[in-house]
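> Let's see this in three dimensions:
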Amino acid sequence: MKSFRTTFRFKECEKKINHSSSVITIGSCFSEVVGERLNLNKFTALVNPFRTTFNPYSIFNILLNSLISKPVDPELYLNRHDNFFHYQLHSSFNAASKLELAERIENNQSLVKNKLETATHLFITLGTAFVYRLLETESIVANCHKQPQQNFSKSILGLEEMIDSFNTFYQTLLKVNPRIQVVLTVSPVRHIKDGIPENQLSKSLLKVLCHQLVSIYPEIYYFPAYEIMMDDLRDYRFYKEDMIHPSSMAEDYIWNEFQDAFFNMETKELIQHIDQIQRNLSHRPFNPQSQAHYQFLFKLQELISLMPSTLDFTNEKQVINEQLRLFKTD
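The predicted structure follows:
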């Protein structure tokens, strides 16, 4: 017996990510985990600009609308407690008036459009194939905004429906950015509120969708985050207390697998130095005004000075300078 785990190998992405790359992550909360890790390690990443969006149809639709500068559906605004929301967007998109919210959405779409036109990588995380339709308009919504359940009908997306929505978006994307690397993944977060059998059905359908899309478009890369969680890390010790989300240990493990898939050795070595800086900055000294801590900060400054000038360590330098001000000068 080699171990109590089943590991597996998967091919690397041919188009690597480095610190000159420009990345967008979008989709479920796992896309935020990836994006935040990238930003922490000084990559240029626009992280989930429309916040958490779970189903493929809503993800592809909002990306398409951004690319073609199409305003969101005017019939899908919602006034709740004197605040305006939109059914095609996360609840964090809200404002005191419909006009203010429309302007905010338009500005965000413009930001995403500009990013899509120049990005090297688009990382899409699919969360669930289940969707809710607003009965009043029969429109698929990205968020129900805590409205009464009787206002919606629940269904599961068909495979052809999802493929068609992706095709429309992807063909439009390739016209403005033919070199972009699209990465698909299925979120390792379980949607057990739908039910355990229903979650398995949903994830299976999403996996089939990804398989079909990669078959149609061989240039698309599939990263097996879901499979790593389900088949490699098959133990509840790799989950948070809610038994739904991966633990920090699991996120670290998947991040390491992500590095193997997307980074070359030079990038990995640079990340190790950046990680060392970040861990040193999180260090809490026993005596902040000791000579030992002063030397520690001085060496940390030297380490940052050795980093490529293209990487922004402004915040880290500010933290160090604030600590250095604690030392009295003669």
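> So residue 23, which state does it fall into?
strand (DSSP: H, G, I helix; E, B strand; the rest coil).
> so it touches residue 17, yeah?
Yes. Residue 23 lies in contact with residue 17 (C-beta atoms under 8 Å); the separation is 6.5 Å. Using the backbone N, CA and C atoms, a C-beta is placed for each residue, glycine as well.
> shared neighbours, these two?
Counting by C-beta atoms under 8 Å, 6 or more residues apart in numbering, the shared contacts of residue 23 and residue 17 are 38, 43, 120, 121.
> count of neighbours near the first one?
Read it as residue 38. 24 (other C-beta atoms under 10 Å).
> What of the last one?
Residue 121 has 22 neighbouring residues, counting by other C-beta under 10 Å.
> Name the next helix or strand downstream of the host helix or strand of residue 125, please.
For residue 125, the host element (DSSP states H and E) is strand 121-126. Downstream of strand 121-126, the first helix or strand assigned by DSSP H and E is strand 130-134.
> so where do the helices sit in the stretch 151-300 of the chain?
Here the stretch 151-300 of the chain has its helices, by DSSP state H, counting those that start in this stretch, at 159-176, 196-216, 225-227, 248-262, 265-281, 291-305.
> Of all those helices, which one is nearest residue 9?
Closest approach to residue 9 among the helices of the stretch 151-300 of the chain is made by helix 248-262 (9.6 Å; C-beta to C-beta).
> who's in contact with that closest one?
With contact meaning C-beta under 8 Å, 6+ apart, helix 248-262 is reached by 10, 12-13, 16-17, 33-34, 37, 188, 223, 225, 228-229, 232-233, 237-239, 246, 268, 271.
> For the shared contacts of residue 23 and residue 17, give me JSON lines that also has pLDDT and distance to residue 209.
Output for those, formatted as JSON lines (pLDDT from 0 to 100; distance: C-beta to C-beta, whole Å):
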{"residue": "38", "pLDDT": "97", "distance to residue 209": "25"}
{"residue": "43", "pLDDT": "97", "distance to residue 209": "27"}
{"residue": "120", "pLDDT": "98", "distance to residue 209": "24"}
{"residue": "121", "pLDDT": "98", "distance to residue 209": "20"}
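> thinking again about what came up before, just name the most buried of the helices of the stretch 151-300 of the chain.
Among the helices of the stretch 151-300 of the chain, the stretch with the highest mean neighbour count (mean count of other C-beta atoms under 10 Å) is helix 225-227, at a mean of 20.
> Report all helices and strands that that helix contacts.
In terms of contacts (3 or more C-beta pairs under 8 Å, 6 or more residues apart in numbering; DSSP states H and E), helix 225-227 is packed against strand 181-186.
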